[in-house]
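[1] just the structure for this:
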Amino acid sequence: MPPRQSSDTSRGKAAVSDVYSSMRASILEGEIAPGTRINIDAVSRSLGVSQTPVREVLQRLEGDNLVVYNPGRGYSTTPLLDLAELRSLFEFRLLVEPWAARSAAVDRLANPARTLEKELAAFRSTMHGNADLRQDLVAHDTRFHDTILAASGNAVVRHAFAQTHCHLHTFRLYPADVDGAITVAEHSAIREAIQACEPERAEVAMAEHIRNSFGRFAQAFEGNPALAPLEDAGPPRRHMVE
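    Numbering: from 1, shown residues only. Presented below is the predicted three-dimensional model:
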């Protein structure tokens, strides 16, 4: 009996993992539109699983801020960011990430340049063999920025940043860099500054990357009179966190 129970548990975990991957991809790629109410029974039937793993997955997706739960209505996919929310998100990034890049550009073992180069090399390989890079690009971007935040050594800042789920939200909003080439070029500039242990250069490269990213994603709101360059947010605060 114990081995059978273990086998059942493994199958259950596999089912949850498969359902999570499937639903997450459907939301990120727009197959399930923003603001769509999710019918648990319909999802379980379409994926050939019971409702139990679907419910568990919805709780995980709620933690990712990809779905929301409303009493009496159940789960629905979160709406896309509007322009004001996008600006607020990138202004937060402009405060935190240039500081993190500056902190990472140090001549000690915590310098993450080698890890960043491995990440860039892996993504470059993906660029040559995959026609649709959207999922790979968001995964690369998440790992690249998290590596720098981790190297800063401040767990509170890293956790606060993770809670914004910025990569998932911006990925849903607009495919701003379809082939990944612009992102790789800007990431490479940041990595080179960190490897050279030049804090000011790393800070400037990260700030430029974030401002440029905002401009690319803000194209979804082209023609909106409220759209203005992110430079209005002011320069990055170098010593926000000591």
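
[2] where along this protein do the strands fall?
    Secondary structure of the chain by DSSP state E: the strands cover 67-70, 74-77.

[3] what's near enough to touch the closest residue to Glu97 other than its chain neighbours?
    In space, Glu97 comes closest to Met206 once its chain neighbours are excluded; the distance is 5.2 Å by CB to CB, 6 or more residues apart in numbering. Any C-beta I mention is one placed from the backbone N, CA and C, and that applies to glycine too. When contacts are counted by CB atoms under 8 Å, 6 or more residues apart in numbering, Met206 touches Glu97, Pro98, Ala100, Ala101, Arg102, Ile148, Ile190, Pro236.

[4] rerun that using 10 Å as the cut-off
    With contact taken as CB atoms under 10 Å, 6 or more residues apart in numbering, Met206 is in contact with 93-94, 96-102, 104-105, 145, 148, 186-187, 189-190, 193-194, 236.

[5] which residue is the nearest non-sequential neighbour of Phe221?
    Computed as CB to CB, 6+ apart, the closest residue to Phe221 that is not its neighbour in sequence is Leu83, at 4.5 Å.

[6] contact partners for the most centrally placed residue in the chain?
    Taking CA atoms, centre = their mean as the criterion, His167 is the residue nearest the geometric centre of the chain, at 2.2 Å. Neighbour list for His167: Leu28, Leu137, Val138, Ala139, His140, Asp141, Thr142, Arg143, Phe144, His145, Asp146 [criterion: CB under 10 Å, 6+ apart].

[7] tabulate those residues (CSV), appending neighbour count and distance to Arg216.
    Output for the contacts of His167, formatted as CSV (neighbours: other CB atoms under 10 Å; distance: CB to CB, whole Å):
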residue, neighbour count, distance to Arg216
Leu28, 19, 17
Leu137, 24, 12
Val138, 16, 14
Ala139, 16, 18
His140, 23, 16
Asp141, 21, 12
Thr142, 16, 17
Arg143, 16, 20
Phe144, 22, 16
His145, 23, 15
Asp146, 16, 20
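
[8] pLDDT weak spots in the chain?
    Counting by pLDDT under 70, the low-confidence segments of the chain come to 1-12, 129-131, 173-176, 222-242.

[9] show me where it has helices.
    For the chain, the helices defined by DSSP state H cover 2-28, 40-47, 51-63, 83-104, 113-129, 134-151, 155-162, 166-173, 181-195, 199-217.

[10] out of those helices, which is closest to Thr77?
    Counting by CB to CB, Thr77 lies closest to helix 2-28 out of the helices of the chain; the figure is 5.6 Å.
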